[in-house]
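>>> mind looking at a prediction? Sequence and model below.
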Amino acid sequence: MREHKIVVLKGDGIGPEIVDEALKVLDAAGEKFGFKMVCDERLMGGAAIDATGVPLPQETVDACKAADCVFLGAVGGPKWDSQPGSNRPEAGLLGIRSALGLYANLRPATIFKPLKSASPIKDEIIGDSMDILIVRELTGGIYFGKRGTGEENGVAFAYDTEQYSVPEIRRIAKTAFEMAMKRNKKLTSVDKANVLDSSRLWRKTVIEMSADYPEVELNHMYVDNCAMQLVRNPKQFDVIVTSNMFGDILSDEASMISGSIGMLASASLAEGKFGLYEPIHGSAPDIAGQGIANPLATILSAAMMLRYSLDEPQAASAIESAVNAALETVRTPDIYEEGFRKVSTSEMGDAVASLL
Ligand code: NAD
């Protein structure tokens, strides 16, 4: 039997509740498709601060590096808000991204047919479905560039710089082209090449790389236009690739098209097949411990993990279909509509597992 060794970081707030449901679904998928998940549970975030004094213990980093990939719930909460910035739960998150070299953030923005009414976008714009994948560069650009503050003639100033090298652009573009090859073979590269030198280098490099992917239809779009097109005609997109800051903004905008934060998964990939998988939402301390959190984003993150890191694409698709099927009958409170059965976090996990 195939064995997949993963590190599980349940984290804080609703993290443990939603991760348990995803592990339940992964076990059910393993039974059906002939693999076994071997889970090594480690500490990160507030839970790690309580137990060890720091949000990202070195043992956690070492265990992650030795695993096939990493599965995360969410971290943070008011209990740790008074910690200094470098020792907050969220510092663990940034720390693990850089320790594991996670340079590509993948965020699908999907409309689930049974949840179409939750989208703020009109029916005639969305049609029957929408399925966009945003590939965001995660370890370069303005969030990691030269920065500073100062004062000149009594006037305070501050600056941050956007810098990308050709290898950094090639690396993220390769991920995006390969994703497009597995999907509808359409890639939109988003930049601000009419104004920024870094964007002009981005565009030139992506065009050069397109020679290696003749089947992929490549187009370029300025970021301001893309922000507008995402709400005007989101169906025109298949895969979008962009820089760290543009991707940060556009992926949040695109995720709102689905209308429900409890439904959206994400992956952060390193070289090779290694990745970290997590829902896009946070630890939702306001509903933690009540058994009402929606576990579907986490379950869908598990499906991404099976597809991108563990070579189990059939199991991944089966989980996605089971989620769609479950939505036809049961709903957690955040996505509840009249006519459906309102269920708890664990009942939703049971429903998906039994539909596999
Ligand atoms: P949040 O995503 O945790 O919650 C926003 C709202 O959405 C809340 O009302 C919450 O109840 C609801 N919500 C979120 N996930 C849900 C789910 N699965 N089911 C039902 N409802 C859900 O964002 P926030 O309140 O801004 O942040 C809370 C904490 O999470 C903070 O400490 C923040 O730093 C942290 N955070 C962590 C991550 C991460 O671990 N990757 C990401 C974002 C925020």
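In hand now; what should we look at?
>>> show me where the stretch 251-356 of the chain has strands.
265-269, 275-279, 330-331, 341-342 (DSSP state E, counting those that start in this stretch).
>>> repeat for the chain
For the chain, the strands defined by DSSP state E occupy 2-11, 35-42, 69-74, 104-111, 130-137, 147-152, 155-160, 186-191, 217-222, 239-242, 265-269, 275-279, 330-331, 341-342.
>>> dump the ones you listed to a markdown table, plus distance to Arg200 and mean pLDDT.
In short, each C-beta sits where N, CA and C put it, glycine included. A markdown table is the format used below for the strands of the chain (distance: least, C-beta to C-beta, whole Å; pLDDT from 0 to 100):
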| stretch | distance to Arg200 | mean pLDDT |
| --- | --- | --- |
| strand 2-11 | 39 | 98 |
| strand 35-42 | 43 | 98 |
| strand 69-74 | 35 | 98 |
| strand 104-111 | 22 | 92 |
| strand 130-137 | 16 | 94 |
| strand 147-152 | 22 | 94 |
| strand 155-160 | 19 | 96 |
| strand 186-191 | 8 | 98 |
| strand 217-222 | 11 | 98 |
| strand 239-242 | 14 | 98 |
| strand 265-269 | 26 | 96 |
| strand 275-279 | 30 | 97 |
| strand 330-331 | 48 | 96 |
| strand 341-342 | 53 | 96 |
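>>> quick revisit: so which of the strands of the stretch 251-356 of the chain comes closest to the ligand?
Checking the strands of the stretch 251-356 of the chain against the ligand by C-beta to the nearest ligand atom gives strand 275-279 as the closest, at 5.6 Å.
>>> list the buried ones in the helix or strand of the chain with the lowest mean pLDDT?
Lowest mean confidence among the helices and strands of the chain (mean pLDDT, DSSP states H and E): helix 123-126, at a mean of 86. For helix 123-126, burial by neighbour count (16 or more other C-beta atoms under 10 Å) applies to Ile126.
>>> contacting residues around that helix?
Ile111, Lys116, Ser119, Val231, Arg232, Asn233, Pro234, Lys235, Ile257 (C-beta atoms under 8 Å, 6 or more residues apart in numbering).
>>> then stretch 108-115?
With C-beta under 8 Å, 6+ apart as the criterion, stretch 108-115 contacts 119, 126, 128-134, 234, 251, 254-255, 257-260, 263-266, 304, 323-324, 327-328, 335.
>>> beta partners for the most centrally placed residue in the chain?
Closest residue to the average C-alpha location of the chain: Ser266 at 1.8 Å, with C-alpha atoms, centre = their mean. Beta bridges link Ser266 to Glu278, judged by DSSP bridges.
>>> so who does it touch?
Applying C-beta under 8 Å, 6+ apart to Ser266 gives the contacts Asn105, Leu106, Arg107, Pro108, Tyr277, Glu278, Pro279, Ile280, Ser301, Met304.
>>> how close does the spatially closest residue to the second one that is not a sequence neighbour get to Phe71?
To tie it back to what came earlier, the one meant is Leu106. Counting by C-beta to C-beta, 6 or more residues apart in numbering, Ala267 is the residue found nearest to Leu106 once chain neighbours are left out, at 4.4 Å. For Ala267, the distance to Phe71 (C-beta to C-beta, to the nearest Å) stands at 10 Å.
>>> which one of these two is surrounded by more residues?
In this comparison of Ala267 against Phe71, neighbours counted by other C-beta atoms under 10 Å, the higher total goes to Phe71 at 26 against 23.
>>> beta partners for that one?
Here Phe71, judged by DSSP bridges, has bridge partners Val8, Tyr277.
>>> distance check, it against the ligand.
Phe71 sits 12 Å away from the ligand, going by C-beta to the nearest ligand atom, to the nearest Å.
>>> returning to that earlier point: reformat the strands of the stretch 251-356 of the chain as a markdown table; add distance to Ala193.
Shown next, in a markdown table, are those (distance: least, C-beta to C-beta, whole Å):
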| stretch | distance to Ala193 |
| --- | --- |
| strand 265-269 | 25 |
| strand 275-279 | 29 |
| strand 330-331 | 44 |
| strand 341-342 | 49 |
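>>> ok, back up a step: now the least confident helix or strand of the chain, how far from the chain's geometric center?
Centre-to-centre, helix 123-126 and its host chain are 25 Å apart (C-alpha atoms, centre = their mean, to the nearest Å).
>>> mind giving me the domain ranges of the chain?
1-106+263-356, 120-257 (automatic domain parsing).
>>> tell me the most buried of those domains?
domain 1-106+263-356 (a mean of 20; mean count of other C-beta atoms under 10 Å).
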